[in-house]
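# The following block contains a protein sequence and its predicted model.
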Amino acid sequence: MKERPILFSVPMVLALLDGSKTQTRRVVKPQFAADAIPAEMGATNEQGHQISGHSGMWWCDAEGNHEKAIRCPYGQPGDRLWVRETFRGCRAYEVQGYPPKDWGNKPIWFEADGTPPGRPEQWALRSRPSIHMPRWASRITLEVTGVRVERLQDITRGDAMAEGCPFPNMAQGDDPRKWYAELWDRLNAKGRPTLPHNTASKRYARVKHWLETHPDTSSWDANPWVWVVEFRRAPC
């Protein structure tokens, strides 16, 4: 079992905390060919050498095409991912210039939890990006239960729900792919307009994470290959 960090935005963290998110989609880099048929490599790496225990980690663009293999950066079933999220520390830490890794398990505040308690002057003026969160500060650990490769537009109703995104008209048979595409178009629009204030839209706002971190490769129309990582909460 290996542990790796993974970044989640505030809306994603909220979905993790309420238990509604058990999947995440991340762009495959480099991308497989448009006509590829990704296949799991259970026993060999890109040179064709045996790599026992790596089932679900190595993928190639056709069965046995080892030279085109790509290693999943999120591990394989049984591995763990510790979540990095936006946070802030006490103002004293910032004034003294200590990096987060040297805060020594001192109190921090997670931005997903809203306004910090106590007096405002106790806390740093600005939050720290999730990339700066050290392992000791992480409060969410995920156990990988499955990894696969698919095109972004192949998301299904069940997958969308596993992403933590319920549909307001699910009983009427909404097509999750259409809903997802329309939201992407809305978020891609000039000025990034505010989404309607309903539960589904708030949770789907996490799609902004895609647009902010993969602006050139993750548009809905581009339909990139993505890693679909399934997980469950695990003890920290």
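Received, thanks. Bear in mind that the values here come from a model prediction, so they are computed numbers and not experimental data. Residues are numbered from 1 along each chain as shown.
# for Thr24, what are its contacts?
Residues in contact with Thr24 (Cβ atoms under 8 Å, 6 or more residues apart in numbering) are Ile6, Phe8, Met12, Glu163, Val228, Val229, Phe231. Quick note: C-beta positions are derived from backbone N, CA and C, even for glycine.
# bridging residues for the nearest residue to Asp159 once chain neighbours are set aside?
Leaving aside its chain neighbours, Asp159 sits nearest to Gln23 (6.2 Å; criterion: Cβ to Cβ, 6 or more residues apart in numbering). With DSSP bridges as the criterion, Gln23 is bridged to Glu230.
# Can I get the contacts of Thr24 in a markdown table including distance to Val83?
Shown next, in a markdown table, are those (distance: Cβ to Cβ, whole Å):
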| residue | distance to Val83 |
| --- | --- |
| Ile6 | 6 |
| Phe8 | 5 |
| Met12 | 9 |
| Glu163 | 15 |
| Val228 | 18 |
| Val229 | 12 |
| Phe231 | 10 |
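# Mind checking which of those land in strands?
In this view, the contacts of Thr24 that belong to strands under DSSP state E are Ile6, Val228, Val229, Phe231.
# tally of neighbours for the second one?
If I follow you right, that is Val228. Val228 has 20 neighbours, counted by other Cβ atoms under 10 Å.
# dump the residue contacts of it.
Gln23, Thr24, Arg25, Gly146, Val147, Arg148, Val149, Glu150, Asp159.
# for the one helix or strand Glu40 maps to, what is the average pLDDT?
Taking DSSP states H and E as the definition, one finds Glu40 inside strand 39-41. Across strand 39-41, the average pLDDT comes to 73.
# Also stretch 23-36?
With pLDDT averaged residue by residue, stretch 23-36 scores 87.
# In CSV, list the C-alpha atoms belonging to that stretch.
What follows is stretch 23-36, C-alpha atoms only, in CSV (Å, rounded to 0.1, in the frame of the first residue of the first chain):
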residue,chain,number,x,y,z
GLN,A,23,-15.4,9.2,-7.4
THR,A,24,-13.1,11.7,-9.0
ARG,A,25,-12.1,12.3,-12.7
ARG,A,26,-8.7,13.6,-13.6
VAL,A,27,-7.2,14.2,-17.1
VAL,A,28,-4.9,11.5,-18.4
LYS,A,29,-1.4,12.9,-19.2
PRO,A,30,-0.3,12.3,-21.9
GLN,A,31,-3.6,11.6,-23.6
PHE,A,32,-4.2,8.3,-25.4
ALA,A,33,-4.9,8.5,-29.1
ALA,A,34,-8.5,9.5,-30.1
ASP,A,35,-9.2,6.0,-31.4
ALA,A,36,-7.4,4.1,-28.5
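# Show me what counts as buried in that stretch.
For stretch 23-36, burial by neighbour count (16 or more other Cβ atoms under 10 Å) applies to Gln23, Thr24, Arg25, Arg26, Val27, Val28, Phe32, Ala36.
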